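Participant: Here is the input, now give the coordinates:
(chains A, B and C)
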Amino acid sequence: MSRRFKPDWVHAGLTVTAVLVFAFIYLPMIVVVFYSFSENAVNSFPIQSWSTKWYGVLMHDRALLDSFQNSLIVAVAGTLIGLLLGIPAAFAVDRFQFPGKALFERIVLLPMILPGIITGVAMMSIFVLSGLHLSLVSILLGHGTFLIAIVMTQVYARLKRLNRSIEEASMDLGATRMKTFFLITLPNIRTAIIGASLLSFTLSLDEIAVSYFLTGRDLTLPVQIWAMLRRGITPEVNAISTIIFVFSVVMIVIVTRLSRDKSEA
Amino acid sequence: MNPIVQLQNVEKQFGTELVVKGIDLEVEKGEFLTILGPSGCGKTTTLRMIAGFETPTDGQILLEGQNVVDIPPYRRDVNTVFQSYALFPHMTIYENVAYGLRMKGVPKSAQSQRVQEVLHMVQLESLGNRKPMQLSGGQQQRVAVARALVNNPKVLLLDEPLGALDLKLRKQMQIELKHLQQQLGVTFIYITHDQEEALTMSDRIAVMNQGRIEQVAAPKDIYENPQSKYVADFIGETNLLEVKILSHAGPGVVLDFLGKKLGGRMGNNQAMAERMILSVRPERIRVSKEVDPDWPFALSGRVEEMIFVGSIIRTMVRLTDGMQIFTMTPSQGKASLVKGDQVWLSWEEEDGIVIGA
Amino acid sequence: MQDEPSLSVMKPEHPPKHRKRIWRPRLLILLIPPIIWLSVFLFIPYVTLFINSFWKVDFGTIVHDFSFDNYKKFFTNPLYYGTFLKTLRIAAWVTFFSILLSYPLAYFIHFKIKKNKQLFYTLVIIPLWVSYLVRAYAWKIVLGQDGILNNFLLAIGIIHKPVEIFLYSPYAVILALTHIYTPWVLMSIYTSLEHIPRDVLEASKDLGAGRFRTFFHIVIPLSLPGVIAGATFAFVLTMGDFLAPQLLGGTSSMMVSNVVYSLFGVANNWPLGSTIGIVTLVVVLGILQLTHRLEKRTASFEDGTRGR
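Facilitator: Below you'll find the predicted structure:
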C-alpha cells in the first residue's frame, strides 16, 4: 500500500487543531495556578521568584474564611433541598403519566438555563418588597431552586436506564413497594444520587449571579472574591482560585468514577 | 379437582387499545401450559396480569378458586422468571436467591439451606458469591429460575425465559426446564413466540392471536387438528387452499378446488360454509411421477425447485393453474425427482383438514 | 448531563408503562412539594418582576402607576435597545466560536483517540466544573497590561510598550466567554457523535463516499441536535452574563445584564431593570422554544440524543 507513506494532512491538521483547542481550554487555568506561587504582588511576566506566601495570607484573611464558611453552609443546605425535591420530581417524571408532564419537566429545568441575573433580581424583588432581609437564607432559597433541576436531571437519567423489571421481580418475590424501594431501587440509583449531590455542592459553592443579588450582610465565597477583584487584582485571588480549581478537579474525578461505576451494573 | 389458575373473560385495555380481548383459560395443577403467539398478541400482558403487575380492565383471575385481581404481586403465590432475568445487579447470586425467603421472614439458617438446595437444583451451588454480571447468559437464566422457585410458588410464570440464549443452549435449557418442572410438579405457565419450543416443552399450548386465544390443546392435537386458519398456519408449516364443499359423508368431505375434486375431513368445531380452507401439511403430501389409480384425488404440477435442508428435501411444485404447493420428504441417497418433472400430488383424506375461511 | 455507558441494568425493552388512573396519591406526594417550591421561588418572583416592569420611579421610590413607559423607553432609547442588540451580537460570536473550537476536538476525541478515550473526554469537561469566576479572571492575567500576552509580544518585539486593547474590549469578553462555554458545547456535540452508530459510517464508506463526503452527508447531519443544544446553551448563558464584561470588558463592552445590574444597583430604577429583565426573559424563552423544536426536528434517533 503506497498510501501508508503519504502524510495524512487531514489527520495532522485535525490533531493540531485538537491540541490547540485543548490548550485554549486549559492554559488560563494553568496560568492562575502558576501565578499563585509567584512572590510578586503584581502579576508580571515572567514570574520572578516563587513562594507560597499567598496561601499563608489566605489563611489569615478573616473575611475570606468567613465567606468560605458561609458558602459551605449554603452548599450543604442547598444540596439537601435539591435532593429532597429533585429526587421525587425525577420519580414522578419517570414513573407516571400526567397532564402537563412535559411542561413540568421544562419548568423544573428552567432555573438551570435561564440567566442567573434575572432569577437573581426577580427573587431579590420579592424579598425586598415583602420586607424580608437578604441573608444566607435568601441565597439558599435561590440555590435550592436551580439545584432541584440538577438533581432531577441526574437521577432521572439513571432511572430511565434502570431496568424496571428488577423492581417487579422484587415485588413478585414478596417485597412491598417500600421494601422494594429501599432494597432494590435505591441501591441501584445510589451512585447517581451521590454524583448529583457532589455536582450540586460544587455548583452551589461556585454560584455567583443569583447569589450576588440575594446577598445580605454575609457574603459567600464567590461574592467575596468578586468584591476583592473589583478592588483590584490581589495575588491572594490566585491562591484561592488554585484551591477551588484543585477542589473542582477532585470532585469531577469522583463523580465520573461514580457515574461509570461498572460494579453496580 | 379445580384448576389452579382460571382466567374468566379477562380483558386489558391500554389507553384506547384493547390488548387482551376477553380470554378464558384454565390451567390444571402440575401442568406445563404454554401461551404461544407472535409479538404484540397480548401474551406477555396476560402473564403480567396473572403475576399482578397489571390489573385487568374486566374479568376475573382465580388462583386456587380465589379471585386475585386486587391482590398485589407481593401477596400472590406465583413467581415470575423475567425475560431479561431481572437479577438484582447489586446483590450476589446467593442474595438474589435468598431474597424471596428474606421477604417471607424465613430464619437465616433455614434460608441458607433452602438457597443451597435450589442452587443445587440448577447446578450453580459453587457460584453463590458471584455477582450476576460475572455469570454467562445461561447461568443468569438458571439463577432467575432458582430465585423464582425458592418460595415453592403454586405457579411459575416464565416470560420468554430462553429468548436471549443462542440456539444450542436454548435447546438444552428447554429439556432442563421441562425436567425440572416434572420433577417438582410445579405448574408452569410459559410464554414464547417460538412454536418449536412450545411443541417440545408443553403439556398444552394456548395459541394467542390479536388478544384472543384461538385454540388450547396438547401439542400433537394442535398440530393435527388446528381449529382455525391462523393456528394451522402458525404451528408448523402448511399449504392452505381455498375450497368449496361438494358433499360430505361423516367427517369425510369431497371438495372443489378450482374445478378439481379433492378429499379431506372436517376439522373439529367447524361450521360448514360455502367457502372453506383446506390445510395440508407438506410432509403428508405424496409426490409421484405417475397417477396412482389407488388414490382417488390428485393435483398435477411441475417441480419448480428442490431445496436440500439436511435431513429433508423441500420440493416446490407449481400447479397447472399457477398456485404453488410445497412438500417435504426425507432425503435419501439419490434424488428421485429433478427440477421440471411433471408430478402428481395426493394425500390421505385424513390429512386434508377443512377449516373455516 | 453525564453520559453513561450501557450497563446491564439497562432496559431490554419497554415494559408497558403504568396507564391506570392519572392522579394517584403516590404521584401527588412526589409532585406537590417541588410544585409548591417552584411556584413560590420561581413563578411568583417572575410574576413580580413582570408587574414591577409597569411601575415607575419618582425621586428614588417606586410609584405604583401603571404605564408602558418603561417598555417605550427600552425600545426607543439606543442605550437600551442598542445594548441589547450588541449583547445578541456578542452572544452570536461566542456561540459561533464555541462550535468552531469544540467540534474538531469532539470529533478528534471520539473518532481518532482509541486508547483512554474516556480519560480525554473527562479532561475536556473538567473545566465545566471549575469556578466561572476563576476562568474569567484567568484571562485578566493573560490579557492585562502587565499580562502574559503583552510581555510575550514585547519580548518578541512586535510591540514596544504594553497595550491596553487586549483587555477592556468586547474582544476580551468574547474570548473569555468562548473559553468558558466551549466545554459545554463540546460535551453536547460529543454526546451526539457518540450516538452515531459506527456501522452507519461504514455503510457510507461502503457505498463509495470518501471521508469528506461521509463527514458532510452523515456525521454533520446526525450530530446537528447536539450542536443545536450546545449552541443554545452558549448563546443563552452569554446573554445573561454580567461578570465577564465588568471584569474584562470596560464600559465599551457593557452587555444587557450589566444594564440590569446597574439599574438594580447604583442607578436604582427597579421598574426599568425589571422591564429589561422581562424582555431578556421573553427572548431567551423564545430561543429555547425555537431550538427545542429544531433539535427535535433534526433528531434522527428516537428519544432525541439518546438513540442507541
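
Participant: Would you agree B:Leu127 is in contact with B:Ile93?
Facilitator: Yes: shown here, B:Leu127 and B:Ile93 form a contact pair, counting by CB atoms under 8 Å, at 5.4 Å. (Glycine included, C-beta is placed from N, CA and C.)

Participant: Those two: who's more crowded?
Facilitator: Neighbour count, other CB atoms under 10 Å in any protein chain shown: between B:Leu127 and B:Ile93, B:Ile93 has more, with 27 against 18.

Participant: I'd like to know how far that one sits from B:Leu87.
Facilitator: 8 Å (CB to CB, to the nearest Å).

Participant: Give me the common contacts of the two.
Facilitator: B:Pro132, B:Val143 (CB atoms under 8 Å, 6 or more residues apart in numbering or on different chains).

Participant: near chain B, which residues of the stretch 151-265 of chain A?
Facilitator: Within the stretch 151-265 of chain A, the positions near chain B by CB under 8 Å from any CB of the partner chain are A:163, A:165-166, A:168-176, A:179, A:183-184, A:187-188, A:262-265.

Participant: what about 6 Å?
Facilitator: A:165-166, A:168-169, A:171-176, A:184, A:187, A:264-265 (CB under 6 Å from any CB of the partner chain).

Participant: Low-confidence ranges, the stretch 101-250 of chain A, go.
Facilitator: Scanning the stretch 101-250 of chain A for pLDDT under 70 picks out A:233.

Participant: same deal with the stretch 151-300 of chain C?
Facilitator: Checking the stretch 151-300 of chain C against pLDDT under 70 turns up C:300.

Participant: do the same with the stretch 1-150 of chain C
Facilitator: The stretch 1-150 of chain C contains residues with pLDDT under 70 at C:1-23.

Participant: any chance you could map the strands in it?
Facilitator: Secondary structure of the stretch 1-150 of chain C by DSSP state E, counting those that start in this stretch: the strands cover C:56-58, C:61-63.

Participant: same question, the stretch 151-300 of chain B
Facilitator: B:155-159, B:187-192, B:204-209, B:212-217, B:239-249, B:252-257, B:260-266, B:275-280, B:286-288, B:299-309.

Participant: helices or strands up against the longest helix anywhere in chain A?
Facilitator: Identified as the longest helix of chain A according to DSSP state H is helix A:62-95. Applying 3 or more CB pairs under 6 Å, 6 or more residues apart in numbering or on different chains; DSSP states H and E, we find helix A:62-95 packed against helix A:136-161, helix A:186-206, helix A:221-230, helix C:25-38.

Participant: Which one of those lies nearest to B:Arg102?
Facilitator: Closest to B:Arg102 of the helices and strands packed on helix A:62-95, according to CB to CB: helix A:186-206, at 14.4 Å.

Participant: Tell me the residues of the stretch 101-250 of chain A that contact chain C?
Facilitator: Counting by CB under 6 Å from any CB, the positions of the stretch 101-250 of chain A adjacent to chain C are A:113, A:115, A:117-118, A:121-123, A:125-126, A:141, A:145, A:153, A:161-164, A:202, A:206, A:222, A:225, A:241, A:244-245, A:248-249.
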